[in-house]
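Engineer: Any chance you could fold what I've pasted below:
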Amino acid sequence: MQLQHIGYPQITPIDQFAPIGAEPIKEAPPRHRWPAFLAIGLLALGLFLLAATIVLALIPVYISKQTQPATIRTLTSPFTLPISSNTILTASTFNAAQLAYLQSIFQQRLDSNRKTSGSKITVNSASALVKSKRRKRQTAGSITGTYTITYPSTILVTSFNTLNSFTLSNDQLTQLQNLQSSG
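Structural biologist: Down below sits the predicted model:
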């Protein structure tokens, strides 16, 4: 044995210790471990997908118990609708039939707008203010009144501004006049 420079004997490698007459020890061929890792990975992925499916399936059940219905709110507001010229509507306070007809016009307007659908309107009062010019035999004026809207809290109050931004057609004004004379 030879001594190393630090004073310890040099140790021969293990592979050199072979029984006399035996073949030298060879390294074992590398094992194919990837199928085992692939199987473990696929099993983990399957368990993850199963857990994700169960969690996602339970979300609607949990949310339906937690969500509260939208709060119902009311808004009372004045309105003014301009009357076009050449109308036959006379100045008056509207009767119940005219209020119901005006309410149906407002309700159609609310229902046709996706922002305000689901709201319910009640016209509380309305009256026609008509000004006529003698020279040209033209009339102008407005219908004023108040309405109350019942709406879910999910609707913004500013969405109801469309109720004050339209004019009644001549057919609608004629219908209102006919309801005035019949009532």
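
Engineer: report the longest helix in this structure, please.
Structural biologist: The residue-count maximum for a helix in the chain (DSSP state H) belongs to helix 34-66.

Engineer: Give the helix, strand or coil label for the residue sitting nearest the centre point of the chain.
Structural biologist: Per C-alpha atoms, centre = their mean, the C-alpha nearest to the average position across the chain is that of residue 154, at 9.2 Å. Assigned by DSSP: H, G, I helix; E, B strand; the rest coil, the conformation of residue 154 is coil.

Engineer: Distance of it relative to residue 74?
Structural biologist: Between residue 154 and residue 74 the computed distance is 15 Å (C-beta to C-beta, to the nearest Å). All C-beta atoms are positioned from the backbone trio N, CA, C, and that covers glycine.

Engineer: domains for this structure, by residue range?
Structural biologist: With domains defined by automatic domain parsing, the chain comprises 34-67, 72-182.

Engineer: how far does the first one sit from the chain's center?
Structural biologist: I take that to be domain 34-67. 28 Å (C-alpha atoms, centre = their mean, to the nearest Å).

Engineer: all helices for the protein, in order.
Structural biologist: 34-66, 96-112, 170-182.

Engineer: now for the last one, which elements pack on it?
Structural biologist: Using 3 or more C-beta pairs under 8 Å, 6 or more residues apart in numbering; DSSP states H and E as the contact criterion, the secondary-structure elements in contact with helix 170-182 are helix 96-112.

Engineer: which outside residues touch the helix it packs on?
Structural biologist: Applying C-beta atoms under 8 Å, 6 or more residues apart in numbering, the set of residues contacting helix 96-112 from outside is 94, 116-117, 119-123, 125-126, 143, 145, 147, 149, 160, 162-163, 166, 168, 172, 175-176, 179-180, 182-183.

Engineer: Can you report how many residues lie near residue 143?
Structural biologist: For residue 143, the neighbour count with other C-beta atoms under 10 Å is 22.

Engineer: nearest residue to it other than its sequence neighbours?
Structural biologist: Counting by C-beta to C-beta, 6 or more residues apart in numbering, the nearest residue to residue 143 once its immediate chain neighbours are dropped is residue 81, at 4.5 Å.

Engineer: now swap in residue 172 and tell me
Structural biologist: residue 105 (6.3 Å).

Engineer: Okay, the one you found and residue 49: tell me how far apart.
Structural biologist: Separation of residue 105 from residue 49 (C-beta to C-beta): 55 Å.

Engineer: Can you list the low-confidence ranges for this protein?
Structural biologist: Applying pLDDT under 70 to the chain flags residues 1-26, 28-30, 64-70, 84-89, 131-140, 182-183.

Engineer: 50 - rerun?
Structural biologist: Residues of the chain that meet the criterion pLDDT under 50 lie in 1, 3.

Engineer: Alright, that wraps it up for me.
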